[in-house]
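Build the 3D model from these lines:
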Amino acid sequence: MAEEEIKQKYLELQMGAEQMKHMQTQMQALEEKNQEVQGNMQSLEDLKGQKNSEMLTPIAEGIFLKAELKNDDEVIVNVGAGVCVKKTIDEAKKMLQGRQNEVNQYAREMHGEVEKVAIAMKKLEEDLGNMLKNKNV
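Next up is the predicted model:
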């Protein structure tokens, strides 16, 4: 077992650790997105039956104005490319549920990849340990 082979295994192990760190960061971002979508769905639900009630409406980051809710049946939804359409609250919630399903699916796939990398890293650690043990014998 050459010294070069040990260095190669160690390098692979370091690369795996970096990959794992990156994947965990992505999984955390997915969890945050999932919570954001869940909060948006709850906000839509909270709008029902609130017609003519006063609310704080954000107009910029950290800046709000008092507004009166004139319609609690529909919302305006940005569907991309600057295009906005009217949707009922239930339609908007259904759209958000679709987004949440996509996020959850991607999170499941990412979890599977993390498991694969963890298994590969464990094998590398075992191989490296055996190589070092045999080198010292």
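
tell me the SS of the residue most central in space within the chain?
The centroid of the chain falls nearest to Leu30 when counting by CA atoms, centre = their mean (0.5 Å). Per DSSP: H, G, I helix; E, B strand; the rest coil, the secondary structure class of Leu30 is helix.

For it, which non-adjacent residue is spatially closest?
Nearest residue to Leu30, sequence neighbours excluded (CB to CB, 6 or more residues apart in numbering): Ala107, at 4.5 Å. C-betas here are computed from N, CA, C, even on glycine.

can you check Glu31 too?
Ala107 (7.2 Å).

pretty sure that neighbour is touching Ala29, no?
No - between Ala107 and Ala29 there is no contact under CB atoms under 8 Å: 9.8 Å.

for Phe64, what are its contacts?
Counting by CB atoms under 8 Å, 6 or more residues apart in numbering, Phe64 makes contact with Leu56, Thr57, Pro58.

go with 6 Å
For Phe64, the contacting residues are Leu56, Pro58, by CB atoms under 6 Å, 6 or more residues apart in numbering.

element containing it, please.
Assessed by DSSP states H and E, Phe64 sits inside strand 63-68.

how close does Leu132 sit to Val114?
26 Å (CB to CB, to the nearest Å).

Sorry, wrong one. I was asking about Met131.
Met131 is 26 Å from Val114, by CB to CB.

swap in Gln42?
Gln42 sits 29 Å away from Val114, going by CB to CB.

Which of these two has more residues huddled nearby?
Neighbour count, other CB atoms under 10 Å: between Gln42 and Val114, Val114 has more, with 16 against 11.

How far away from the center of its chain is the longest helix that the chain contains?
In the chain, taking DSSP state H as the definition, the longest helix is helix 89-136. Centroid separation for helix 89-136 versus its chain: 13 Å, with CA atoms, centre = their mean, to the nearest Å.

That one packs against which elements?
helix 3-47 (3 or more CB pairs under 6 Å, 6 or more residues apart in numbering; DSSP states H and E).

Could you tell me the angle between the helix it packs on and helix 89-136?
Angular relation of helix 3-47 and helix 89-136 on a 0 to 180 degree scale: 160 degrees, by axes from the mean of the first three to the mean of the last three CA atoms, to 10 degrees.
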